[in-house]
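In: sequence? don't have it. structure:
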């Protein structure tokens with residue numbers, strides 16, 4: 001049996017597998033108090049019971065929240081041996097406007113142990129313990145969890161302290177049980193141990209996670225790629241997908257029908273679906289959406305079309321009755337949309353001016369904008385401009401649709417496979433090991449804690465547990 005000790009929580013998460021001989025009973029997750037006297041769980045500051053949390057001290061209320069999150073996962077998982085979490089409250093990176101809430105991860109990973117369902121794959125300690133029916137390293141906890149003791153203080157997101165109630169009625173505060181449930185998910189296996197930035201596998205061994213992670217553009221699983229291919233795949237927003245049958249089998253149950261997209265209908269050289277960032281102004285995208293010929297706004301003496309002033313007669317003639325393509329920059333998105341609308345355009349596509357994906361939304365407010373607006377990435381903008389290069393003064397023969405594709409689920413690709421978070425540039429600690437942010441309703445294991453999350457980990461509310469079942473639980 002190969003054993004590796006993880007030196008950093010940022011690199012640690014345990015991936016899970018099942019054992020045919022395991023007792024089908026709820027898992028017991030034991031919270032081990034790692035705090036010093038008077039600190040964290042041992043803080044005796046009086047507290048008023050709140051939201052079903054009956055603790056009367058700050059420390060007890062914190063422990064009750066931990067136990068609530070542990071119980072939620074324990075009820076979903078099965079294991080004949082307990083899972084131990086060494087938990088503590090410590091100062092973490094914090095400013096008045098941002099904060100690290102917490103982290104959790106496996107302490108060790110194992111490969112090629114007796115009962116391992118997949119040879120040559122790394123499994124986290126909690127999963128290994130489940131599979132062999134005993135603790136492979138009794139001196140070491142399975143998961144280490146640390147959370148920000150300073151949250152809510154004057155220099156640490158003062159307006160957003162942790163809410164310690166158990167009822168999810170957190171208001172403007174940050175719901176601790178939700179954060180804990182998310183981080184425990186990583187500790188229980190919602191993560192790869194492969195370095196997504198470099199593509200390097202830990203000790204040259206793929207994670208069990210990598211057996212289910214696929215690049216839709218190359219049709220390769222991560223376990224079968226070179227380091228360079230994995231590093232490139234980690235930047236392909238919308239194209240990094242999950243292949244596990246359990247999680248994907250619930251896509252239609254959990255995720256909303258319809259995803260906002262720009263569909264290029266012709267010519268064939270650029271035809272396909274492009275990711276979009278939607279606008280906070282103008283009408284929401286709908287089905288069947290707005291279909292029209294795409295025409296660019298071109299500034300005099302330049303190939304860029306900023307649309308920050310009233311359009312020239314030539315540009316106005318080109319976009320009238322069509323969907324306008326403009327470039328990001330110089331002025332607000334609402335100004336660009338209003339000027340092309342005034343020229344008679346029926347929609348507007350803003351091409352980003354900097355690399356990155358997925359395309360962010362278009363911010364701003366202007367009730368007088370009545371045409372749909374979206375943003376596409378720099379690369380997609382370049383592809384559209386290349387197709388438009390052969391246009392005449394009034395026609396391009398490039399036809400697009402701005403709308404909601406009802407054949408897609410929000411957060412899944414056209415084959416019903418869950419999309420994983422793969423932004424460009426790479427986001428350390430977030431990329432690859434989370435669901436994509438396009439998922440809707442929002443899912444627990446997205447890279448940000450959304451305010452509308454429940455405490456659930458299973459369908460019909462969430463897909464986190466089905467994904468862990470794919471890797472073995």
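Out: In hand now; what should we look at? Just so we're clear, the structure is a prediction, and the values are computed from it rather than from any experiment. Numbering: from 1, shown residues only.
In: What score does the residue nearest to residue 421 when sequence neighbours are not counted have for pLDDT?
Out: Leaving aside its sequence neighbours, residue 421 sits nearest to residue 434 (Cβ to Cβ, 6 or more residues apart in numbering; 4.2 Å). No exception for glycine: its C-beta is placed from N, CA and C like everyone else's. Residue 434 is assigned a predicted lDDT (pLDDT) of 97.
In: In contact with residue 434, which residues?
Out: 190, 420-421, 445-447 (Cβ atoms under 8 Å, 6 or more residues apart in numbering).
In: Nearest to residue 216 among the residues you listed?
Out: Nearest to residue 216 among those: residue 420, at 10.5 Å, using Cβ to Cβ.
In: The closest one against residue 436, yeah?
Out: Yes - in this structure, residue 420 is within contact of residue 436 by Cβ atoms under 8 Å, at 5.9 Å.
In: buried stuff in whatever helix or strand residue 248 lives in?
Out: Using DSSP states H and E, residue 248 falls within helix 245-249. Along helix 245-249, the positions that meet the burial threshold by neighbour count (16 or more other Cβ atoms under 10 Å) are 246-248.
In: for stretch 91-104, same thing?
Out: Buried residues in stretch 91-104 (16+ other Cβ under 10 Å): 92, 94, 99, 101-104.
In: before we move on, back to that, just the buried ones among the contacts of residue 434, please.
Out: 190, 420-421, 445-447.
In: Now tabulate the residues you listed in TSV and tack on pLDDT and secondary structure.
Out: Shown next, in TSV, are the buried ones among the contacts of residue 434 (pLDDT from 0 to 100; DSSP: H, G, I helix; E, B strand; the rest coil):
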residue	pLDDT	secondary structure
190	96	coil
420	98	strand
421	97	coil
445	98	coil
446	96	coil
447	94	coil
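In: how near is the residue nearest to residue 421 to residue 51?
Out: 27 Å (Cβ to Cβ, to the nearest Å).
In: Can you list the low-confidence ranges for the stretch 301-450 of the chain?
Out: Residue ranges of the stretch 301-450 of the chain with pLDDT under 70: 301-303.
In: where along it do the helices fall?
Out: Listed in chain order, the helices of the stretch 301-450 of the chain (DSSP state H, counting those that start in this stretch) span 313-319, 333-342, 378-388.
In: Which among those is found nearest to residue 221?
Out: Nearest of the helices of the stretch 301-450 of the chain (Cβ to Cβ): helix 378-388, 24.3 Å.
In: what sits against residue 190?
Out: 13, 433-434, 445, 464, 467-468.
In: what two of the residues you listed are the furthest from one another?
Out: Longest span within the contacts of residue 190, Cβ to Cβ: 434 and 468, 13.6 Å.
In: Which parts of stretch 77-88 count as buried, going by neighbours?
Out: 77-88.
In: Starting from the host helix or strand of residue 180, tell me the next helix or strand along the chain.
Out: Remark: residue 180 resides in helix 176-188, with elements defined by DSSP H and E. Following helix 176-188 in sequence order, the next helix or strand is strand 213-215 (DSSP H and E).
In: got the contact list for the helix or strand following that following strand?
Out: Using DSSP H and E, the helix or strand that follows strand 213-215 towards the C-terminus is strand 220-221. When contacts are defined by Cβ under 8 Å, 6+ apart, strand 220-221 is touched by residues 210-214, 229, 233, 243.
In: What pairs with strand 220-221, parallel or antiparallel?
Out: strand 213-215 (antiparallel) (DSSP bridges).
In: Run the chain-centre distance for the partner strand.
Out: Centre-to-centre, strand 213-215 and its host chain are 15 Å apart (Cα atoms, centre = their mean, to the nearest Å).
In: go on, stretch 272-282?
Out: Taking mean C-alpha positions (Cα atoms, centre = their mean), stretch 272-282 and its chain are 18 Å apart.
In: How about that stretch, which residues are buried there?
Out: In stretch 272-282, counting by 16+ other Cβ under 10 Å, buried: 273-279, 281-282.
In: do the same with stretch 410-417
Out: Neighbour count says stretch 410-417 has 410-413, 417 buried, by 16+ other Cβ under 10 Å.
In: before we move on, what about stretch 59-71?
Out: Neighbour-count burial for stretch 59-71 flags 59-70 (criterion: 16+ other Cβ under 10 Å).
In: before we move on, what about stretch 373-382?
Out: 373-381.
In: Run through who's touching it.
Out: Residues contacting stretch 373-382 (Cβ under 8 Å, 6+ apart): 260, 262, 274-279, 281-282, 285, 325, 327-328, 333, 337, 347-362, 384, 402.
In: what do you get for stretch 418-428?
Out: Under Cβ under 8 Å, 6+ apart, the answer for stretch 418-428 is 10, 196-197, 213, 233-242, 247-248, 251, 355-358, 411-413, 430-439, 446-447, 463, 467.
In: So what angle separates the directions of the longest helix along the chain and helix 176-188?
Out: Longest helix in the chain by number of residues (criterion: DSSP state H): helix 58-76. Interaxial angle of helix 58-76 relative to helix 176-188 (axes from the mean of the first three to the mean of the last three Cα atoms, to 10 degrees): 50 degrees.
In: as a whole number, average confidence for the helix or strand that helix 58-76 is followed by?
Out: Later in the chain than helix 58-76, the nearest helix or strand by DSSP H and E is strand 83-90. Per-residue pLDDT over strand 83-90 has a mean of 98.
In: relative to strand 83-90, how tilted is the helix or strand following strand 83-90?
Out: The helix or strand immediately downstream of strand 83-90 is strand 102-106, counting by DSSP H and E. Taking the same axes, to 10 degrees, one finds strand 102-106 and strand 83-90 inclined to each other by 150 degrees.
In: now strand 102-106, how far from the centre of its chain.
Out: That offset, for strand 102-106, works out to 17 Å (Cα atoms, centre = their mean).
In: Dihedrals phi and psi, residue 466?
Out: phi -60, psi -40 (degrees, to the nearest 10).
In: for it, what are its contacts?
Out: Residue 466 neighbours (Cβ under 8 Å, 6+ apart): 244, 246-247, 249-250, 458-459.
In: could you redo the last one with a cut-off of 7 Å?
Out: Neighbour list for residue 466: 246-247, 250, 459 [criterion: Cβ atoms under 7 Å, 6 or more residues apart in numbering].
In: I'd like the helices of the stretch 301-450 of the chain laid out as a markdown table, including distance to residue 368.
Out: Shown next, in a markdown table, are the helices of the stretch 301-450 of the chain (distance: least, Cβ to Cβ, whole Å):
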| stretch | distance to residue 368 |
| --- | --- |
| helix 313-319 | 18 |
| helix 333-342 | 6 |
| helix 378-388 | 26 |
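In: do you know which of those helices lies nearest residue 118?
Out: Using Cβ to Cβ, the nearest of those to residue 118 is helix 378-388, at 35.5 Å.
In: that older thread, pick the one among the contacts of residue 466 closest to residue 202.
Out: residue 247 (23.2 Å).
In: Verify the stated contact: that closest one with residue 465.
Out: No - the pair residue 247 / residue 465 is not scored as a contact, 8.8 Å apart, by Cβ atoms under 7 Å.
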